[in-house]
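# here is the input, now give the coordinates:
(2 chains)
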Protein chains: 2
Amino acid sequence: MGKVVAGASMSLDGYVAGPDQTGFDHLFTWYNNGDVEMPVGGEGTRLDLKMSAVSAKLFADMIASTGALVVGRFLYDQTNAWNGQHPMQCPVVVLTHNPPEQHSEHFVFVTEGIEAAVAKAKELAGGKDVGLNSGTITRQALQAGLVDEIEVDLVPVILGGGTPFFGEVTNAPVKLTGPVSVREGIDVTHLRYLVTKA
Amino acid sequence: MGKVVAGASMSLDGYVAGPDQTGFDHLFTWYNNGDVEMPVGGEGTRLDLKMSAVSAKLFADMIASTGALVVGRFLYDQTNAWNGQHPMQCPVVVLTHNPPEQHSEHFVFVTEGIEAAVAKAKELAGGKDVGLNSGTITRQALQAGLVDEIEVDLVPVILGGGTPFFGEVTNAPVKLTGPVSVREGIDVTHLRYLVTKA
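Coordinates of the predicted model:
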């Protein structure tokens, strides 16, 4: 059985987006500041990233180990449904109160809450990991005790506000174990933690 | 000339204190979870900490390199003026609108704002570094462009709210360089960043 992994590029002050959806140039600098080519996506959604060797290895491992994603409706809309398919090319479960009438075959919509969304993603993941993106979904999943690991790509910038990765988690403090892995990319520190189970 | 270094133990979600001044048991676990004795403070204010070897080395270096501190009035009151002297045994500049009528000789009170407080601390530091503790002081100093380095002792816990280390910095995004140092203690990751100057 795969794990449930919440992951995000996060500023040192804890944000996955700056005020008014700014800051992405800083948060995702590490996607394109190295010399290892990392093509992601398929026909029509291809992105040619160029990362440090460290980040590329982690990124490739993450894509290989992830069988499905759970995302929120905001991210789905904001990315225009990734123009039809998520660059990781795995099934994506969208948690929403209002499923769209039309959508591509690569998306599944769940309205019954975070437990149902994660359960659906596990079913689709075929034994691989389930990835959670990003803030609201991670907070809900942490509160429901559904998260096994947290992968933070910690970026050297202070954004001063915006969308927190973790938010006001109601069952805080949530104790973590680790980091069990620390890897230095260029302008990013990849940290992996386990969520300590009671 | 010494540097101005803002430092704090911070949760993964960016807080130096949890909601209603909770969370310190988590944030300062690393002060007492190792086997290297680290006595700090003097007569009447002595604390016997026991840290990992990695944390003890960093802690001792920080004490040796710090010539003065700048703190806010809240921290001064909350700690009861550290019972007369800060455990680091260096001069402490307290930024406040209302200096107390009586205080020990180890404290200096500045009312003219963060620039004046840092200038006074530099004068007292005798060429060593000036340390800033913690949230409000750090935010004000970042906004005034006075911070050279940031030392984060990153603790594996999500506090879900409380006092942020950085807060709503008005000149964000503040770009950092680094981490220039990453050291793993027990239940803490010591990260040092340089503030990128324009």
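# ok, residues contacting stretch A:90-107?
Residues outside stretch A:90-107 that contact it (C-beta atoms under 8 Å, 6 or more residues apart in numbering or on different chains) are A:66-73, A:76, A:81-82, A:84-86, A:108-111, A:113-114, A:117-118, A:120-121, A:124-125, A:137, A:140. C-beta coordinates here come from the backbone N, C-alpha and C atoms, glycine included.
# using ChimeraX, define a selection of the buried residues within those residues.
What follows is the ChimeraX syntax for the buried subset of the contacts of stretch A:90-107, where burial is set by 16 or more other C-beta atoms under 10 Å in any protein chain shown:
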select /A:66,67,68,69,70,71,72,73,76,81,82,84,85,86,108,109,110,114,117,118,120,121,124,125,137,140
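# which bits of chain A sit near chain B?
Residues of chain A lying near chain B by C-beta under 8 Å from any C-beta of the partner chain: A:11-14, A:18-19, A:22-23, A:26, A:142, A:150, A:152, A:154, A:156-161, A:164-179, A:182, A:184, A:189, A:191, A:193.
# strands - which of those land there?
Helix and strand membership here follows DSSP state E; of the residues of chain A next to chain B, those in strands are A:11, A:150, A:152, A:154, A:157-158, A:164, A:174-179, A:182, A:184, A:189, A:191, A:193.
# what strand or helix carries the spatially closest residue to residue A:31 that is not a sequence neighbour?
The spatial neighbour of residue A:31 that comes closest, neighbours along the chain excluded (C-beta to C-beta, 6 or more residues apart in numbering or on different chains), is residue A:49 at 4.9 Å. Assignment of secondary structure by DSSP states H and E places residue A:49 within strand A:47-51.
# so where's chain A uncertain?
Within chain A, the segments meeting pLDDT under 70 span A:198.
# can you do 80?
For chain A, residues meeting the criterion pLDDT under 80 lie at A:1, A:43-45, A:135, A:198.
# so for it, which residue is the most central one in space?
Within chain A, one residue has its C-alpha closest to the average C-alpha position: by C-alpha atoms, centre = their mean, that is residue A:133, at 3.4 Å.
# re the thing from before, now list the buried members of the ones in strands among the residues of chain A next to chain B.
Among these, those classed as buried by neighbour count (16+ other C-beta under 10 Å) are A:11, A:150, A:152, A:154, A:157-158, A:164, A:174-176, A:178-179, A:182, A:189, A:191, A:193.
# pick out the most distant pair among those residues.
The most widely separated members of those, counting by C-beta to C-beta, are A:157 and A:175 (26.8 Å).
# filter the contacts of stretch A:90-107 down to the ones in strands?
Among the contacts of stretch A:90-107, DSSP E puts A:66, A:67, A:68, A:69, A:70, A:71, A:72, A:108, A:109, A:110 in strands.
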